[in-house]
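K.L.:
quick one, fold the following:
(chains A and B)
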2 protein chains.
Amino acid sequence: MRVWCESANPDKRVGLRLRLPFHEDAKAKNVVTRWSRFGVDPKDSALHSLIQTHKLEVVHLHVHEGETFSEADLDQTLDLLVSCLEIFPKVEVLNLGGGWAYLFHLQKPEAQRVWNLVNKTITSINNQRQQLVRLVIEPGMLLTMMAGYLVAEVKAADDHPSGHRIVVLDTSAWNLMFWAPRPAVAQIPFREGPMFVHDLAGCTCYETDYFCLNEKMARIEVGDRVILNASGAYTSSVARSLHGLPIPKEFVIRDNRLCLVE
Amino acid sequence: MRVWCESANPDKRVGLRLRLPFHEDAKAKNVVTRWSRFGVDPKDSALHSLIQTHKLEVVHLHVHEGETFSEADLDQTLDLLVSCLEIFPKVEVLNLGGGWAYLFHLQKPEAQRVWNLVNKTITSINNQRQQLVRLVIEPGMLLTMMAGYLVAEVKAADDHPSGHRIVVLDTSAWNLMFWAPRPAVAQIPFREGPMFVHDLAGCTCYETDYFCLNEKMARIEVGDRVILNASGAYTSSVARSLHGLPIPKEFVIRDNRLCLVE
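P.N.:
The predicted structure follows:
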């Protein structure tokens, strides 16, 4: 930031990414990772002397506190942001960043409570200000990850001592899907009859290469197809190629036709 | 295996990968992953009827129980293998598979105890048999991973509220080094004076993109170089490209000269 301030003709209206403590998760409990490695400490005196010296106006605050797992997580972040508004009174935009994908998993009432809390906080902020603060959120993964489907073919299906059926697909979860297990949402064909507990594995020799565990599905056999959801963003863009396995081809639906993405 | 037995003229001398319970780690505690998804259960009656029907001779046993973290881990595996030799008396080769890289981290006496245990077990087996059993191990990662070094340049170095210096390198641990943190083994230049605690981070916006934490090193500044070890096998072959970052170029030393690997 110092380098930027000392560059020729920097814009005096600046945005700051704030470094706030993490939510109460594994990262927060670790002394080293308790604070994000990104952004500035809003109470840092060196920051404030830079702002004074260069007559900067902080008009934009941005936070990204990792994944929002609950209403309590967000409550903590919003409280901190409200106190930051007292430190930076000229803020015009509050950007809550990303990390909203987990809301997809939350039971609906909790997701609703999260958005109610955002709404309540911004309303309360704006009731006390002449110039309204604009709220920005970045639900990139929430919107785009859910939009993709992975179609896989079954290469093996066996009964396992655990009592589950272990199904090996023709692609790899370890290569494609790092962040979260992906549930199966459809199977072709769907066989009438009793349901079985299936574990869907990928085709690498990596032991924990699983798409999902404990899925109750109609009995799966070799040659069947399984459709997994949440395969949009953060799939091919962060894919690996253990064993040199190719990344699956990607298609989009355009004018009701499947078009290969080159 | 049934498919293979029923194929034309299969070899009657076969090797089996055994499915034994995992060592006492997170996978072992999970009911679903307690048993490997690979290999056969040595007590499976369907296996033994296949062996009888097709007059198979089991001459090779293979296990891969994940990473061997201690002498106790291995003791459990060897005990199970010895009892498997009673089930399959014609075995000529016992293959303990891979998973030895952790021994690199063990204090030397423990690593020595691990190899002593292997030696004692195979000697005791062979003292009771006419035809000697041959022992195979696959220390692929242990040998080849340690052979590689990553040379990175420092793009940023700042003091952090944790009291550590956070150093950002020009490549990404998250992209390159999935399985384990890699210690820094050298720094260029080495500045005389007090040592500082450094955290070496990668250049993605992924929060936990760290090569290593809590490294006591001479003070690092922008433009310095840092050498990390254990960057041989399982680095570029399982690399990802978050943000489209390129995989570092690879060189081998041949006839005392650096040669680019194409």
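
K.L.:
ok, the residue lying farthest from the centre of chain A - contacts?
P.N.:
Ranked by distance from the centre of chain A (CA atoms, centre = their mean), the top residue is residue A:53, with 37.7 Å. By CB atoms under 8 Å, 6 or more residues apart in numbering or on different chains, the residues touching residue A:53 are residue A:5. For every residue, glycine as well, the C-beta is placed using N, CA and C.

K.L.:
measure it to chain B for me?
P.N.:
19 Å (CB to the nearest CB, to the nearest Å).

K.L.:
where does that residue land on pLDDT?
P.N.:
Note for residue A:53: predicted pLDDT of 92.

K.L.:
now do residue A:11
P.N.:
83.

K.L.:
count the residues that sit near it.
P.N.:
10 (other CB atoms under 10 Å in any protein chain shown).

K.L.:
likewise the one 5 residues further on?
P.N.:
Other residues lying near residue A:16 total 21 when counted by other CB under 10 Å.

K.L.:
that one bridge partners, please.
P.N.:
residue A:61 (DSSP bridges).

K.L.:
how close does it get to residue B:107?
P.N.:
46 Å (CB to CB, to the nearest Å).

K.L.:
show me where chain A has helices.
P.N.:
For chain A, the helices defined by DSSP state H occupy A:2-5, A:26-29, A:45-53, A:71-87, A:108-127, A:140-144, A:173-176.

K.L.:
burial measure for the nearest residue to residue A:170 once chain neighbours are set aside, as a count.
P.N.:
The shortest distance from residue A:170 to any non-neighbouring residue, by CB to CB, 6 or more residues apart in numbering or on different chains, is to residue A:153 (4.6 Å). Residues lying near residue A:153 (other CB under 10 Å) number 13.

K.L.:
just give me the neighbour total for residue A:214.
P.N.:
Using other CB under 10 Å, residue A:214 has 12 other residues around it.

K.L.:
quick check: closest non-adjacent residue to it.
P.N.:
Closest to residue A:214 by CB to CB, 6+ apart is residue A:197, at 5.8 Å.

K.L.:
wait, that neighbour sits on residue A:216?
P.N.:
Yes - contact criterion CB atoms under 8 Å: residue A:197 and residue A:216 qualify, at 5.9 Å.

K.L.:
between the two, which is the more surrounded one?
P.N.:
Neighbours were counted for residue A:197 and for residue A:216 using other CB under 10 Å; residue A:197 has more, 15 against 9.

K.L.:
the more buried one and residue A:207: what is the separation?
P.N.:
Distance from residue A:197 to residue A:207, by CB to CB: 19 Å.

K.L.:
and what of residue A:110?
P.N.:
34 Å.

K.L.:
so which of those two has more stuff around it?
P.N.:
Shown here are residue A:110 and residue A:207; by other CB under 10 Å, residue A:207 has more neighbours (17 against 13).

K.L.:
correct me if wrong: the more buried one contacts residue B:36.
P.N.:
Yes - applying CB under 8 Å, one finds residue A:207 in contact with residue B:36, separated by 6.2 Å.

K.L.:
so what sits against both of these two?
P.N.:
Common neighbours of residue A:207 and residue B:36 (CB under 8 Å, 6+ apart) are residue B:66.

K.L.:
which parts of the stretch 151-262 of chain A sit against chain B?
P.N.:
A:160-162, A:164, A:166, A:178, A:199, A:201, A:205, A:207-208, A:213-214, A:237-242 (CB under 8 Å from any CB of the partner chain).

K.L.:
among the residues you listed, name the buried ones.
P.N.:
In terms of neighbour count (16 or more other CB atoms under 10 Å in any protein chain shown), the buried residues within these are A:160, A:162, A:164, A:166, A:178, A:199, A:201, A:207-208, A:213, A:238-240, A:242.

K.L.:
those residues in strands, which ones?
P.N.:
A:166, A:199, A:201, A:213 (DSSP state E).

K.L.:
beta partners for the second one?
P.N.:
Put plainly, it is residue A:199. Beta-bridge partners for residue A:199, by DSSP bridges, are residue A:166.

K.L.:
per-residue confidence at it?
P.N.:
Residue A:199 is given a pLDDT of 92.

K.L.:
pLDDT of stretch A:146-160, averaged?
P.N.:
On average, stretch A:146-160 scores 92.

K.L.:
got any ranges where chain A has weak pLDDT?
P.N.:
A:22-34, A:104-106, A:179-181 (pLDDT under 70).

K.L.:
residue A:130 and residue A:94, how far apart?
P.N.:
In terms of CB to CB, residue A:130 sits 16 Å off from residue A:94.

K.L.:
between those two, which has more neighbouring residues?
P.N.:
Each of residue A:130 and residue A:94 has its neighbours counted (other CB under 10 Å); residue A:94 has more, 23 against 5.

K.L.:
hmm, that one is touching residue A:134, no?
P.N.:
Yes - using CB under 8 Å, residue A:94 is in contact with residue A:134, at 7.4 Å.

K.L.:
which among the helices of chain A is found nearest to residue B:64?
P.N.:
Residue B:64 sits nearest to helix A:173-176 of all the helices of chain A, at 15.9 Å, using CB to CB.

K.L.:
can you name every helix or strand that that closest one contacts?
P.N.:
Of the remaining helices and strands, none touches helix A:173-176 by 3 or more CB pairs under 8 Å, 6 or more residues apart in numbering or on different chains; DSSP states H and E.

K.L.:
residues in contact with that helix?
P.N.:
So helix A:173-176 is contacted by A:150, A:181-182, A:200-202, A:204, A:206, A:208-211, A:231, A:235-236, A:239-242, A:245, A:247-248 (CB under 8 Å, 6+ apart).

K.L.:
filter those down to the buried ones, ChimeraX style.
P.N.:
With 16+ other CB under 10 Å as the criterion, this ChimeraX line picks the buried residues out of the contacts of helix A:173-176:
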select /A:150,182,200,201,202,204,206,208,209,210,211,231,235,236,239,240,242,245,248
